[in-house]
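**Student:** Coordinates only, no sequence provided:
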């Protein structure tokens, strides 16, 4: 059996992490009230008031997720709550725990993976080591928890 984390586990770990972050940031910015007002007012004025609130939640959630994932992946846990729940963790190409800078690079590089219609995430389906562009950029793997080394020779290709 491969030490690589299954791609579906990576996806669901991301959802487990993202949903509470977005809901929490939405509450902080009062987004739920804006959302219900928007649904009740389809005028252009109602939409104009909704868009800044939506953008604040999007941007705040992005920053909160990057900070949370960076700190948790560099911690002894080796991953976020979602990764912990699903039994996977992030490691460098040598199978070691991520440094704070490698973890930050990995999570910030997710911008590169998502912008071209998620192509950098889809790349994991054709990469023989199931790495997305953010993993390739940062020199990381996502492996099953308990695995001590990444698959293959650990070389970044």
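**Tutor:** Great, that's in hand. These numbers were taken from a predicted model, which means no experiment stands behind them. Numbering: from 1, shown residues only.
**Student:** Tell me the buried residues in the biggest helix by length in the chain?
**Tutor:** Secondary structure of the chain per DSSP state H: the longest helix is helix 44-74. In terms of neighbour count (16 or more other C-beta atoms under 10 Å), helix 44-74 has its buried residues at 50, 53-54, 56-57, 60-62, 64-66, 68-70, 72-74. Just so you know, the C-beta spots here come from the backbone N, C-alpha and C atoms, and that holds for glycine as well.
**Student:** which other helices and strands contact that helix?
**Tutor:** If you count contacts as 3 or more C-beta pairs under 8 Å, 6 or more residues apart in numbering; DSSP states H and E, helix 44-74 packs onto helix 7-28, helix 31-40, helix 100-108.
**Student:** Direction included, what does the one helix or strand residue 91 maps to pair up with?
**Tutor:** Residue 91 belongs to strand 88-92 when elements are defined using DSSP states H and E. Note on strand 88-92: by DSSP bridges, its sheet partners are strand 140-144 (antiparallel).
**Student:** hmm, who's touching the strand it pairs with?
**Tutor:** Strand 140-144 has contacts (C-beta atoms under 8 Å, 6 or more residues apart in numbering) with 3-5, 10, 79, 83, 87-93, 95, 98, 102, 106, 129-131, 134-135, 149-151.
**Student:** switch to 7 Å and redo it
**Tutor:** 3-5, 10, 87-93, 98, 102, 106, 129, 131, 135, 150 (C-beta atoms under 7 Å, 6 or more residues apart in numbering).
**Student:** Quick check on these: which are buried?
**Tutor:** If we count by 16+ other C-beta under 10 Å, the contacts of strand 140-144 have these buried: 3-5, 10, 88-93, 98, 102, 106, 129, 131, 135, 150.
**Student:** what are the phi and psi angles of residue 94?
**Tutor:** phi -90, psi 0 (degrees, to the nearest 10).
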